[in-house]
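>>> Okay, predicted coordinates and the sequence, questions at the end:
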Amino acid sequence: KKKKSNKKKKLVSIEHSYPDGIYPEGQWLDHPMDSNTYRTTSEEMRYLDNQNMAKWQDFRKGAEIHRRVRAKAKSQIRPGMTMLEIADIIESSIRTYAGNVAAKVAGVGFPTGLSLNHVAAHYTPNTGDKKVLASSDIMKVDIGVHVNGRICDSAFTMTFDETGKYDEILAAVRDATYTGVRESGIDVRLNDVGAAIQEVMESYETRDGTAIKCIRNLNGHNIGDYVIHGGKSVPIIANGDMTKMEEGEVFAIETFGSTGQGYVVPEGECSHYALNAGMDAGVKGLSERARALFSKIDASFGTLPWCRRYLEREGEEKYLFALNQLVRAGVVEDYPPIVDKRGSYTAQFEHTIILHPHRKEVVTKGDDY
Ligand SMILES: O=S(=O)(c1cccs1)N(Cc1ccc(F)cc1)Cc1ncn[nH]1
Ligand SMILES: [Mn+2]
Ligand SMILES: [Mn+2]
Ligand SMILES: [Mn+2]
């Protein structure tokens, strides 16, 4: 009888599974605004879409990596692990599946979000962080994978509590995000997506009767090449923004539920940063150290978001003073952890969708969420 190999499956680049470079498509949905389905059946629109096939293959490759990495994360992450161990499990598997190429070519799309409890987003451990995951924690795992700057931004929420305390907020946020995905489409107004999300989220309450609120100052966003936030924000409440979603745009649809105020403020040590596009001139009057750090960041990441650990991985040391100069000059944007009130807890689900001319593709869709 063949000895059951209990060896963990060796990770290899996913190119081995797709030698022809054709990656699995996401979930296809019709655009909501096209009542007479003129888009869906249009030969011309499908032809148009084929012009960007290399770009869509990059997104689909990133999405397949994302699905495999989050499955591994769910199977390996346990209370008692340090946040640094958890981040390393996720990031080393992204890099391996992406083929261990330079950070700017393919791999980690932005810092691995591991925000806990009342912290809603933008927490990842810095070097020296001793924090340990507890069985009572509710953790937003927000994973970024990019291939040639095409960024897949998708997140889910992990809990370990077995009393069912978090069941309602998890159901509410999953339902709200799916609603946002369904309501999105070409010619849809951002306000209307927000209104639909808000209605669903606020129809839930926890088992002890606490209302579940949308975090009204958090949003989804469009995504550009190497740019995680393309300038359009998708609200999760009705906010009167009549801007429309447009053909060919890529959106991260994310919703956040909270038992707190439903409003977040920046708090604590920052880990997440990104170069602001077009700010090269801003470094002129700065110190030699700041200018050197700017060049290293630009060479390593371009405008992709990064965190202190990735900067250290690229060989930088004793950079903090120069980094703070770049932030003060507006050359580097800081994204500190954003928190609701102490004692509350928050949940998130997020998918990346592509507004093809003929149909909408939920490219990060998996059988998990
Ligand atoms: O909150 S955001 O800054 C934003 C939302 C709307 C307009 S800008 N942000 C973009 C971002 C910023 C820094 C990162 F390292 C990664 C992403 C949303 C987000 N964070 C995580 N996943 N998605
Ligand atoms: Mn995200
Ligand atoms: Mn996002
Ligand atoms: Mn700032």
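All right, it came through fine. Ligands and ions are numbered 1, 2, ... in the order given.
>>> Return the residues in contact with Thr177.
Contacts of Thr177 were listed using Cβ atoms under 8 Å, 6 or more residues apart in numbering, and they are 197, 253-255, 349-351. (Glycine included, C-beta is placed from N, CA and C.)
>>> next one: Arg289
Taking Cβ under 8 Å, 6+ apart, one finds 321-322 in contact with Arg289.
>>> what do you get if the cut-off is 10 Å, keeping everything else the same?
Contacts of Arg289 were listed using Cβ atoms under 10 Å, 6 or more residues apart in numbering, and they are 318-319, 321-323, 325.
>>> Weed out the non-buried ones from those.
Taking 16 or more other Cβ atoms under 10 Å as the criterion, what is buried in those is 319, 322-323, 325.
>>> Closest to Glu288 out of the contacts of Arg289?
For Glu288, the nearest member of those is Ala322. The distance, counting by Cβ to Cβ, is 9.1 Å.
>>> could you measure that closest one against ligand 2, distance?
Computed as Cβ to the ion, to the nearest Å, the Ala322 to ligand 2 distance reads 28 Å.
>>> just Gly262 next, same as before
On the measure of Cβ to the ion, Gly262 and ligand 2 end up 19 Å apart.
>>> right, and that residue touches Thr255 too?
No. Between Gly262 and Thr255 there is no contact under Cβ atoms under 10 Å: 11.7 Å.
>>> Could you give the separation of the helix-or-strand element of the chain with minimal mean pLDDT from the chain centroid?
Across the helices and strands of the chain, mean confidence by mean pLDDT, DSSP states H and E is lowest for helix 43-50: a mean of 92. Going by Cα atoms, centre = their mean, to the nearest Å, the spacing between the C-alpha centre of helix 43-50 and its chain's C-alpha centre is 29 Å.
>>> could you point out which element follows that helix?
Downstream of helix 43-50, the first helix or strand assigned by DSSP states H and E is helix 53-76.
>>> hmm, back to that, quick one: residues in contact with the least confident helix or strand of the chain.
Applying Cβ under 10 Å, 6+ apart, the set of residues contacting helix 43-50 from outside is 38-40, 42, 56, 247-248, 354, 356-359, 361.
>>> tilt between it and helix 53-76?
Angle between the axes of helix 43-50 and helix 53-76 is 70 degrees (criterion: axes from the mean of the first three to the mean of the last three Cα atoms, to 10 degrees).
>>> Alongside ligand 2, which residues does the stretch 251-369 of the chain contribute?
Glu350 (Cβ under 5 Å from the ion).
>>> residues touching the residue of the stretch 251-369 of the chain found nearest ligand 2, list them.
When distances are taken as Cβ to the ion, the stretch 251-369 of the chain approaches ligand 2 most closely through Glu350, which lies 4.8 Å from it. The contact partners of Glu350, taken as Cβ under 10 Å, 6+ apart, are 113, 121, 140, 142-143, 153-157, 173, 177, 180-181, 220, 252-256, 364, 369.
>>> Could you do Glu205 as well?
When contacts are counted by Cβ under 10 Å, 6+ apart, Glu205 is found next to 168-169, 172, 211-212, 259.
>>> who does it bridge with?
For Glu205, the beta-bridge assignment (DSSP bridges) gives partners Ala211.
>>> Quick check: it vs Arg216, distance?
17 Å (Cβ to Cβ, to the nearest Å).
>>> list the contacts for Asn324?
270, 290, 332, 334.
>>> does it sit in a helix or strand, and which one?
Using DSSP H and E, Asn324 falls in helix 320-328.
>>> repeat for Tyr178
helix 167-183.
>>> and the helix or strand just after that helix, how far from the chain's centre?
Counting by DSSP H and E, the next helix or strand C-terminal to helix 167-183 is helix 190-201. What separates the centre of helix 190-201 from the centre of its chain is 20 Å, taken as Cα atoms, centre = their mean.
>>> so what does helix 190-201 touch, helix or strand wise?
In this structure, helix 190-201 packs against helix 167-183, strand 213-214, strand 219-222, strand 233-235, strand 250-258, with contacts taken as 3 or more Cβ pairs under 10 Å, 6 or more residues apart in numbering; DSSP states H and E.
>>> Over to Met139: give its phi and psi.
In this entry, Met139 is assigned phi and psi values of phi -110, psi 130 (degrees, to the nearest 10).
>>> excluding its backbone neighbours, what's nearest it?
For Met139, ignoring the flanking residues on the chain, the nearest one in space by Cβ to Cβ, 6 or more residues apart in numbering is Met158 at 4.7 Å.
>>> Pretty sure that neighbour sits in a helix.
No. Applying DSSP: H, G, I helix; E, B strand; the rest coil, one finds Met158 to be strand, outside a helix.
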